[in-house]
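Colleague: structure for the following, please:
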Amino acid sequence: MESLVEGMFGRAFRRQVHPVEIAKGLAKQMDEGSMVSVSRTYAPNDFTVHLSQADAESIQAYQSSLRDELIQYATTHAQSKNYHLMTPPRVRFTTEDTLRFGEFGVTAKLTGGDGPRERGAPQDTSGQTRIFRTDEGADEGEDQGTAMISSDEARKHGLAREIVELVMEGGEAHPLEGRGPWSVGRSEENDITISDPNVSRRHARLIRSENGFVVEDLGSTNGTLLDGAPIDRERIESGDELTFGGVNARFVRRRGEEGEGSPDPDSFGNVTARRTPRGR
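Modeller: Next up is the predicted model:
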């Protein structure tokens with residue numbers, strides 16, 4: 001890899017690697033690594049993102065969330081190109097001493113995983129690494145740079161800055177930042193305190209999982225409801241209504257621009273991304 005990062009572009013001005021640039025590099029590697037079989041086009045499904053020490057530190061706080069977003073991006077890109085993935089996408093991050101600030105690499109492998117291989121599927125590939133640079137002023141068509149995608153495209157693929165909140169019925173918003181989990185209950189020791197006698201001292205908790213977010217009841221007296229149905233542990237999506245012992249809240253995941261703070265939440269019950277209530 002060291003030989004790939006040397007040369008004339010080492011003298012260019014660089015800026016911090018942005019998540020949407022990583023996503024675009026991942027898509028390029030998926031396109032270039034695709035393989036056509038008799039009836040399908042297979043694409044890489046295992047990605048390693050190589051970062052400089054400085055860039056790795058800059059994403060450390062939201063690395064887990066970024067991994068989820070990149071997995072979703074890869075899935076969406078594969079669907080848009082009619083690629084077949086032998087397993088769900090995997091993304092991991094690693095630090096490379098040979099990379100400088102503003103440089104990153106993407107290694108893309110095609111693998112069938114540990115299960116039985118599909119008939120006609122290609123053999124696993126060792127993966128090729130491509131280096132991308134965030135050179136200031138690089139033309140969009142040049143290979144050495146990764147052009148920023150538009151904010152609309154970023155939101156479409158889920159790569160804009162994510163803001164996650166639990167919005168209470170009265171409008172109070174509790175940001176869910178970091179890795180979590182976040183406890184909910186009547187006790188002041190919880191991350192989110194609800195001062196209501198129907199809420200248990202340790203009522204429930206919200207968990208950031210590998211594929212999204214989960215709500216889990218902690219054996220509360222009056223239970224936890226998801227869209228009106230009692231649950232023990234269930235995955236949640238933006239717009240879902242949660243009820244803790246009779247107190248309603250809304251789980252919200254939003255997209256914002258880089259550096260943007262938490263916006264004012266929509267009025268309770270007016271979140272556009274709400275799902276159809278579950279029937280249980």
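Colleague: could you use CA atoms for every contact and neighbour count after this?
Modeller: Noted.
Colleague: just checking, which helix or strand of the protein averages the lowest pLDDT?
Modeller: helix 151-157 (a mean of 49; mean pLDDT, DSSP states H and E).
Colleague: what is the following helix or strand past that helix packed up against?
Modeller: Downstream of helix 151-157, the first helix or strand assigned by DSSP states H and E is strand 161-168. Judged by 3 or more C-alpha pairs under 8 Å, 6 or more residues apart in numbering; DSSP states H and E, strand 161-168 is in contact with strand 173-175, strand 247-256.
Colleague: and the longest one, C-alpha only, in PDB?
Modeller: Taking Å, rounded to 0.1, in the frame of the first residue of the first chain, the C-alpha atoms of strand 247-256 are listed here in PDB:
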ATOM      1  CA  VAL A 247     -45.900   7.900  28.900                       C
ATOM      2  CA  ASN A 248     -45.600   8.300  25.100                       C
ATOM      3  CA  ALA A 249     -42.400   9.100  23.100                       C
ATOM      4  CA  ARG A 250     -41.300   9.000  19.500                       C
ATOM      5  CA  PHE A 251     -38.000   7.500  18.300                       C
ATOM      6  CA  VAL A 252     -36.600   9.700  15.600                       C
ATOM      7  CA  ARG A 253     -33.500   9.300  13.300                       C
ATOM      8  CA  ARG A 254     -32.800  12.400  11.200                       C
ATOM      9  CA  ARG A 255     -30.200  13.500   8.700                       C
ATOM     10  CA  GLY A 256     -28.400  16.800   9.000                       C
END
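Colleague: centre of the chain to it, how far?
Modeller: Taking C-alpha atoms, centre = their mean, to the nearest Å, the mean C-alpha location of strand 247-256 is offset from the chain mean by 16 Å.
Colleague: by how many degrees do it and strand 161-168 diverge?
Modeller: Calculated by axes from the mean of the first three to the mean of the last three C-alpha atoms, to 10 degrees, strand 247-256 forms an angle of 170 degrees with strand 161-168.
Colleague: where in the stretch 51-200 of the chain is pLDDT low?
Modeller: Residue ranges of the stretch 51-200 of the chain with pLDDT under 70: 113-122, 135-162.
Colleague: deepest of the helices and strands packed on strand 161-168, which one?
Modeller: Highest mean neighbour count of the helices and strands packed on strand 161-168: strand 247-256, a mean of 20 (counted as mean count of other C-alpha atoms under 10 Å).
Colleague: tell me the mean pLDDT over it?
Modeller: For strand 247-256, mean pLDDT is 84.
Colleague: so what secondary structure elements neighbour that strand?
Modeller: strand 161-168, strand 241-244.
Colleague: and residue 60, how many neighbours?
Modeller: Using other C-alpha atoms under 10 Å, residue 60 is surrounded by 12 other residues.
Colleague: if we can go back for a sec, can I get the helices and strands packed on strand 247-256 in a markdown table with mean neighbour count and distance to residue 177?
Modeller: Below are these laid out as a markdown table (neighbours: other C-alpha atoms under 10 Å; distance: least, C-alpha to C-alpha, whole Å):
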| stretch | mean neighbour count | distance to residue 177 |
| --- | --- | --- |
| strand 161-168 | 21 | 7 |
| strand 241-244 | 24 | 19 |
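Colleague: and residue 28, which of the three is it?
Modeller: Using DSSP: H, G, I helix; E, B strand; the rest coil, the structure places residue 28 in helix.
Colleague: next, count neighbours for it.
Modeller: Using other C-alpha under 10 Å: residue 28 sits among 15 other residues.
Colleague: kindly report the same for residue 177.
Modeller: 15.
Colleague: equivalent analysis for residue 69, please.
Modeller: Residue 69, neighbours per other C-alpha under 10 Å, totals 24.
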